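S.K.: below is the sequence, then the predicted model.
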Amino acid sequence: MSSETVRVRFAPSPTGYLHVGGLRTALYNFLFAKKSGGKFILRIEDTDRSRYVEGAVENLIDTIRWAGLEYDEGPGIGGEFGPYIQSERSDIYREHVDILIGKKTAYRCFCTPERLDKMRKELERKKLTSKYDRTCFRLSEKEIQENLAAGKPFVVRMKVPDGTTVRFSDIIRGDVEFSTERIDDQVLLKSDGYPTYHLANVVDDHLMNISHVIRGEEWLSSTPKHVLLYQFFGWELPSLAHLPLLLNPDRSKLSKRQGDVAVEDYRKNGYLPEALVNFVALLGWNPGDDREVFTLEELIKEFSLERVGKSGAIFNLEKLNWLNFQHLRRKTSEEVLAILKGQLSVLGYEPSNFSDQYLLNVIAAMRERVTFVKDFVEKSFYFFHAPEEYESAAVGKRWKPQSPEYLKKLAADFSRLNNPRREDYETALKQTAEWLKTGNGELIHLLRLAVSGVGEGPGVYEIVYILGKDETIRRINSAIEKIK
């Protein structure tokens, strides 16, 4: 396969947010193009005006770029096969519909919605396949011209050949065939003048030199209609690959009812783009070994459509969380710092209140304990504000009548330290414990409770070193006052 021939497209409809299934389709197209040295094209299929959502195009583009999937041609950057928004290509579709009408492989249908509804109900009553009865295909040229002259609204339908089997080869599914007895005379052009998906996507794929159509399994049943259109026009069929369904853990189709399905939800909840992309890549594809953590560059190197399976892929949120943890660990402290500063604003803190070095110290202390960048704040709030209350279980377990006296002595001993390091706090605490004739552990637990308000976390010497001597003493004195 030469690099000149590989041209793939992601063609979403701007009907809302980008579904994770859509992200997977975009990703597989992107990976295939980059692995082959080809082109990845973004095309917006906005011909269903009833479902169009204002701002959805901009949102789609922003989300695709957030995921790192830069396209080579498409809205905003252009290319030699534009325009890349279907509503701007209406004249092209009408020209091609006229070609089909001229070849008698398509025809105008003037049936009203009421007549079609009555016909469908009658077919259901007789337990017959719901297909158009071709009343308008049998109209004479004189009747057609009279209807047009009267301004009767019409759609254009394709004429599906009778008694034929449509066969095609799919890279993932092998040889596939459909009997035309099961294929309706599909509407190609709607009464509002806009094409349906079937016509627009075939015409655009041909005119944009698309070499491989990689899309979800839900389009498999529409493919014979597309194959017929390629035949009617006398065009070469692109290579086809239909990706497996995404499933919930109970093997039902992935849906909003069982959790988030929009990429924006995962973005908002703090997932890293590289973790979500890594996770989505493994929903149907595998590298042939037990590796699971991949960068985008590694995915490009390893990806092949031949390693995409047919069976549905289970969406496992625990796996996604694990991958987010793995990718967060791979980031340098400076990379995490940049993200953390943005998260501080979202969580209600003023980033300028904390020096870069302070935040880097927090990152070092918490790195092995967090799955998301926001966890640096949510799981260790005490680095960002003094505790306002104290964990009742920890108080019940650790606070004793002598605790105030012990903490006063510890605060006094800390106050004598000069520019202390971590180990200086540890030495001072051990000396205080020895003087009080108690165990180190008792003071460690009390100190942790006083400065953090909770019973668990990173090493207590790490916490007090990051907070600093003055803040540590302030918090000890506050705990003595507040905990009863």
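M.R.: In hand now; what should we look at? Bear in mind the structure is a predicted one, so any value in this text is a computation, not a measurement.
S.K.: what separates the nearest residue to Leu42 once chain neighbours are set aside from Ile61, distance-wise?
M.R.: Nearest non-adjacent residue to Leu42, counting by CB to CB, 6 or more residues apart in numbering: Gly74, 3.3 Å away. Bear in mind the C-beta positions are built from the backbone N, C-alpha and C, glycine included. Distance from Gly74 to Ile61, counting by CB to CB, to the nearest Å: 8 Å.
S.K.: same question for Gln431.
M.R.: Distance from Gln431 to Ile61, counting by CB to CB: 62 Å.
S.K.: of those two, which one has the most company?
M.R.: Per other CB atoms under 10 Å, whichever of Gln431 and Ile61 has more neighbours is Ile61, with 20 against 12.
S.K.: where does that one land in three-state SS?
M.R.: helix (DSSP: H, G, I helix; E, B strand; the rest coil).
S.K.: on that earlier part again, joint contacts of Gly74 and Ile61?
M.R.: Shared contacts of Gly74 and Ile61, defined by CB atoms under 8 Å, 6 or more residues apart in numbering, are found at Leu42.
S.K.: C-terminal to the strand or helix carrying Val97, what's the next element?
M.R.: Assessed by DSSP states H and E, Val97 sits inside helix 90-102. Using DSSP H and E, the next helix or strand after helix 90-102 towards the C-terminus is strand 106-109.
S.K.: which secondary structure elements does that following strand contact?
M.R.: Contact here means 3 or more CB pairs under 8 Å, 6 or more residues apart in numbering; DSSP states H and E; on that basis strand 106-109 packs against helix 90-102, helix 141-149, strand 155-158.
S.K.: nearest to Gly55, out of those?
M.R.: Ranking the helices and strands packed on strand 106-109 by proximity to Gly55 (CB to CB) places helix 90-102 first, at 22.1 Å.
S.K.: pull out the buried residues from the closest one.
M.R.: 92-93, 96-97, 100-101 (16 or more other CB atoms under 10 Å).
S.K.: export the helix holding Val97 as CSV, just CAs?
M.R.: Output of helix 90-102 as CSV, limited to C-alpha atoms (Å, rounded to 0.1, in the frame of the first residue of the first chain):
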residue,chain,number,x,y,z
SER,A,90,-25.5,21.0,-1.7
ASP,A,91,-25.0,21.7,-5.4
ILE,A,92,-22.6,18.8,-5.7
TYR,A,93,-25.2,16.3,-4.3
ARG,A,94,-28.0,17.6,-6.5
GLU,A,95,-25.8,17.2,-9.6
HIS,A,96,-25.1,13.6,-8.6
VAL,A,97,-28.8,12.9,-7.9
ASP,A,98,-29.6,14.1,-11.4
ILE,A,99,-27.0,11.6,-12.8
LEU,A,100,-28.8,8.7,-11.0
ILE,A,101,-32.3,9.9,-12.1
GLY,A,102,-30.9,10.0,-15.7
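S.K.: and that helix, what's its mean pLDDT?
M.R.: The average of the pLDDT scores along helix 90-102 is 97.
S.K.: so what touches that helix?
M.R.: 106-108, 156, 158, 188-189, 193-195, 199-200, 203, 207, 232-233.
S.K.: now the angle from it to helix 141-149?
M.R.: Relative orientation of helix 90-102 versus helix 141-149 (axes from the mean of the first three to the mean of the last three CA atoms, to 10 degrees): 160 degrees.
S.K.: list the contacts of the residue most central in space within the chain.
M.R.: Nearest to the geometric centre of the chain sits Val263, at 3.1 Å (CA atoms, centre = their mean). Shown in contact with Val263 (CB under 8 Å, 6+ apart): 17-20, 22-23, 63, 67, 276.
S.K.: just the buried residues of the residues you listed.
M.R.: Using 16+ other CB under 10 Å, the buried ones in the contacts of Val263 are 17-20, 22-23, 63, 67, 276.
S.K.: CSV please, covering these and showing pLDDT.
M.R.: Below are the buried ones among the contacts of Val263 laid out as CSV (pLDDT from 0 to 100):
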residue, pLDDT
Tyr17, 90
Leu18, 93
His19, 93
Val20, 95
Gly22, 96
Leu23, 97
Thr63, 96
Ala67, 98
Leu276, 98
